[in-house]
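Enquirer: I'd like to go over a predicted model; first the sequence, then the structure.
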Amino acid sequence: MRLFGANIGFWQPWFKIGNVIREAKLHGKENAKILIMRTLIKHALASAEPKDLVIIKGWIRTRRDSKGFSFLEINDGSCLGSLQTVVNSGIPGYDQLHHLTTGASVIIKGKLVASPGSGQKWELAATEIELVGTSDAAYPLQKKGHTMEFLRTIAHLRPRSNLFGAIFRTRSRLAYAVHQFFQERDFVYVHTPIITASDCEGAGEMFRVTTLKGNIDEKPEADFFGRRSYLTVSGQLEGETFACALSNIYTFGPTFRAENSNTARHAAEFWMIEPEMAFCDLAGDMDLGEQFVKAMAQYALEHCAEDVGLFAKFVDKGLHDRLRFVAERPFQRVTYTEAVGILTSCGHKFEFPVQYGLNLQSEHERYLTEEHFKCPVTVYNYPREIKPFYMRLNDDGKTVAAMDVLVPGIGEVIGGSQREERLELLNENLRRHNLRPEDYWWYVDLRRFGSVPHAGFGLGFERLIMFLTGVSNIRDVIPFARTPGSADF
């Protein structure tokens, strides 16, 4: 067995953290060694028994000094909780006490023992402490309350705070849950391109990618890719090509939109989850979308319980109820026409007008879920005029087979449709949206060679995280937000 690196605590390719690895052969030598690996604090706090020797590596949250000893609160980001450490004078490293300040990084060896204090099962009785990195008095995350606005200005440090540590652990676990959901249902994960020449949404709000100087529109054929190219707003069109070969696929990656909006719901860079299913109609699409939202709510309750508890205490006191509400209740389905009828006759005063042919706003969507139906809602069959070119025209010639999944507290979390699989109608739709069929020749080809009914949807990952955490601003659920006028960090 070969161990790479001088400090094996930072390179552990085969060992579960926290285990004691016995009788390892170092550099070909036969004599048995006992190697003590780093223990993550989440494992230490969950231990079923005391440990004679553990190694903790992390950052100091607080230090309290008494005569002859000090208390350190250590956090390593593996969980919400910190590990109280008792450091007696005289142990190796205690002479560095004046440098053991909030924000400093340390490695501590010691015994995991039962804590006599209330609210904690274990504490660490230190036998040796090593100062790894000092932190001076300018460290901004002192033990006091900080506003979300201030923490956005120190996005490089905010993951060390309780709230943002919880947000980004939850984001990580939910990313895993997304893959698990689709993989268990035999979907194939497809990496669609970030650079594209196609505008999926037809809105024109795309970031241009160019190496040209001066007038970049004078000779676009001289550009790097031989034509106008952009950062993608969606992997849907490319995803459809794979669905029409592999049956069920999904994409999960970054997308971009050059929309000059500074609302709490919009960012220029965000992640999208986009499944596409061959031999599927709108009903099947709605089924999958509703199952997905339910599964994510249930996953957050079961696998992110500690962090969800923090959100419910400090961010959204109704979070637990809302997640259970979505996970346990059936979805109500209603056509767009019926939804408009409900909203125009309810007597409620809305900020934005409700009228057939206009998109529903968040306040309308929330009224449907929170006030009228009192359950999650799927709205379907929208007017063709307000939807993109790729959506299938219904038999009435006026609406398309589109759907939006709405949840309490947020409104829309999923938008999807059955795709137009008929060649003539797709070409007509492209022309209606002032798009040239020849620019989408490869997409049109799918309708020439074994076309099948197919459907899919898109879901913004950050919007999902906002729903599952109660955090109200998209800038706080993505590590480094990209918004108009801001590309720091």
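Expert: Received, thanks.

Enquirer: C-alpha only now, for contacts and for neighbours.
Expert: Fine.

Enquirer: now the helices: where do they sit in the stretch 101-250 of the chain?
Expert: Using DSSP state H, counting those that start in this stretch, the helices of the stretch 101-250 of the chain run over 148-152, 162-183, 236-246.

Enquirer: okay if I get those helices as a markdown table plus mean neighbour count, mean pLDDT and distance to Leu310?
Expert: Shown next, in a markdown table, are the helices of the stretch 101-250 of the chain (neighbours: other CA atoms under 10 Å; pLDDT from 0 to 100; distance: least, CA to CA, whole Å):
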| stretch | mean neighbour count | mean pLDDT | distance to Leu310 |
| --- | --- | --- | --- |
| helix 148-152 | 14 | 96 | 15 |
| helix 162-183 | 18 | 98 | 7 |
| helix 236-246 | 20 | 97 | 35 |
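
Enquirer: contact partners of stretch 145-156?
Expert: Residues external to stretch 145-156 that are found in contact with it (CA atoms under 8 Å, 6 or more residues apart in numbering): 158, 475-476, 479-480, 489.

Enquirer: Once you drop chain neighbours, what's closest to Leu430?
Expert: Distances taken as CA to CA, 6 or more residues apart in numbering place Phe389 nearest to Leu430, at 5.7 Å, with adjacent residues excluded.

Enquirer: Report how many residues lie close to that neighbour.
Expert: When counting by other CA atoms under 10 Å, one arrives at 26 neighbours for Phe389.

Enquirer: Toward the C-terminus, what is the element adjacent to whichever strand in the chain runs longest?
Expert: What stands out as the longest strand in the chain, according to DSSP state E, is strand 51-66. Following strand 51-66 in sequence order, the next helix or strand is strand 69-75 (DSSP states H and E).

Enquirer: quick one: that next one to chain centroid distance?
Expert: Computed by CA atoms, centre = their mean, to the nearest Å, the chain-centroid distance of strand 69-75 equals 33 Å.

Enquirer: Skipping its backbone neighbours, what lies nearest Leu45 in space?
Expert: Excluding its sequence neighbours, the residue lying closest to Leu45 (CA to CA, 6+ apart) is Trp122, at 6.3 Å.

Enquirer: again, but for Asn75
Expert: That would be Ser82: by CA to CA, 6+ apart, it lies 4.6 Å from Asn75.

Enquirer: ok, that neighbour - contacts?
Expert: Counted by CA under 8 Å, 6+ apart, Ser82 has contacts 41, 73-76.

Enquirer: Of those, grab the buried ones for PyMOL.
Expert: Entered in PyMOL, the line below selects the buried ones among the contacts of Ser82, by 16 or more other CA atoms under 10 Å:
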select buried, resi 41+73+74+75+76
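
Enquirer: what residues are up against Ser198?
Expert: Neighbour list for Ser198: 229-230, 232, 439-440 [criterion: CA under 8 Å, 6+ apart].

Enquirer: So the residue nearest to Asn75 versus Arg384, what's the distance?
Expert: Ser82 sits 54 Å away from Arg384, going by CA to CA, to the nearest Å.

Enquirer: quick one: low-confidence ranges for the protein?
Expert: For the chain, applying pLDDT under 70 flags the ranges 1-36, 200-204.

Enquirer: Contacts for stretch 447-467, please.
Expert: Counting by CA under 8 Å, 6+ apart, 170-171, 174, 236, 244, 265, 270-282, 285, 289, 409-410, 413-423, 471-474, 477-478 sit against stretch 447-467.

Enquirer: repeat that for 7 Å
Expert: Outside stretch 447-467, the residues within contact range by CA atoms under 7 Å, 6 or more residues apart in numbering are 171, 270-282, 285, 410, 413-419, 421-423, 472, 474, 477-478.

Enquirer: Could you list the domains of the chain?
Expert: Domains of the chain are assigned by automatic domain parsing as 38-133, 158-476.

Enquirer: how long is the first one end to end?
Expert: The one in question is domain 38-133. So domain 38-133: terminal residues 18 Å apart, CA to CA.

Enquirer: And the longest one, by the same measure?
Expert: With CA to CA as the measure, the first residue of domain 158-476 is 10 Å from its last.

Enquirer: tell me how far it is from the chain's mean position?
Expert: 14 Å.

Enquirer: Repeat that for the first one.
Expert: For domain 38-133, the distance from its own C-alpha centre to the chain's C-alpha centre is 31 Å (CA atoms, centre = their mean).

Enquirer: ok so, going back, of the contacts of stretch 447-467, buried ones?
Expert: Looks like the contacts of stretch 447-467 have 171, 270-278, 280-282, 285, 410, 413-419, 421-422, 472, 474, 477-478 buried, using 16+ other CA under 10 Å.

Enquirer: could you dump the domains of the chain to CSV with distance to Pro484?
Expert: Shown next, in CSV, are those (distance: least, CA to CA, whole Å):
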stretch, distance to Pro484
domain 38-133, 31
domain 158-476, 6
